[in-house]
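1. structure, please.
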Amino acid sequence: MAPRPRPPVMRITEAAATRVQQIMSRTEPPPLALRVGVKNGGCAGMSYTMEYASEIRPTDEVVEDKGVKVIVDPKAVLFLLGTEMDYKTDKLSAQFVFRNPNETSACGCGESVAITPASEEAFVG
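-> Have a look, this model is predicted:
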């Protein structure tokens with residue numbers, strides 16, 4: 001029996017996919033993908049990172065959803081497992097937001113979060 005395919009590390013909403021496509025189409029040369037990760041910092045302990053990627057490394061986790069290619073940094077996989085990336089616009093701001101089931105708290109300004117990594121079993125599952 002063939003092993004069950006592994007679920008993607010994260011999902012991307014239509015709004016986020018549309019915005020990523022818009023941004024990347026205006027960049028010269030167009031990037032290969034968007035790299036998403038986490039870094040230590042902020043008052044809650046961690047913050048999300050996003051940058052253009054011109055290469056895919058052998059250890060990268062690649063998520064292709066709704067016509068968008070997102071690379072998840074290998075050090076961030078267990079922190080981002082099950083996350084949904086969205087793009088939200090309101091009267092005063094427009095921003096990417098991450099709905100992460102592994103977040104345990106966030107700072108008041110919304111710039112950083114506390115994240116407990118998922119178990120490896122949840123990823124390999």
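2. roughly how far does the nearest residue to residue 74 once chain neighbours are set aside sit from residue 84?
-> Once flanking residues are discounted, residue 74 sits nearest to residue 59: 4.4 Å by Cβ to Cβ, 6 or more residues apart in numbering. To be clear about C-beta, it is placed using only N, CA and C from the backbone, and glycine gets the same treatment. Distance of residue 59 to residue 84, computed by Cβ to Cβ, to the nearest Å: 23 Å.
3. before we move on, what about residue 51?
-> The value you get for residue 51 to residue 84, if Cβ to Cβ is used, is 20 Å.
4. looking at these two, which is more packed in?
-> Neighbour tally, residue 51 and residue 84, criterion other Cβ atoms under 10 Å: the higher count belongs to residue 84, 14 against 11.
5. hmm, the more buried one is touching residue 14, no?
-> No: distance between residue 84 and residue 14: 11.4 Å, which falls outside the contact criterion (Cβ atoms under 8 Å).
6. doesn't residue 38 make contact with residue 50?
-> No: assessed by Cβ under 8 Å, residue 50 is found out of contact with residue 38, at 10.6 Å.
7. quick one: which of these two has more around it?
-> Using other Cβ under 10 Å as the criterion, residue 50 and residue 38 rank with residue 38 on top: 25 against 15.
8. on contacts alone, who are the packing partners of whatever helix or strand the more buried one lives in?
-> Per DSSP states H and E, residue 38 falls inside strand 33-40. With contacts defined as 3 or more Cβ pairs under 8 Å, 6 or more residues apart in numbering; DSSP states H and E, the packing partners of strand 33-40 are strand 46-53, strand 68-72, helix 77-80.
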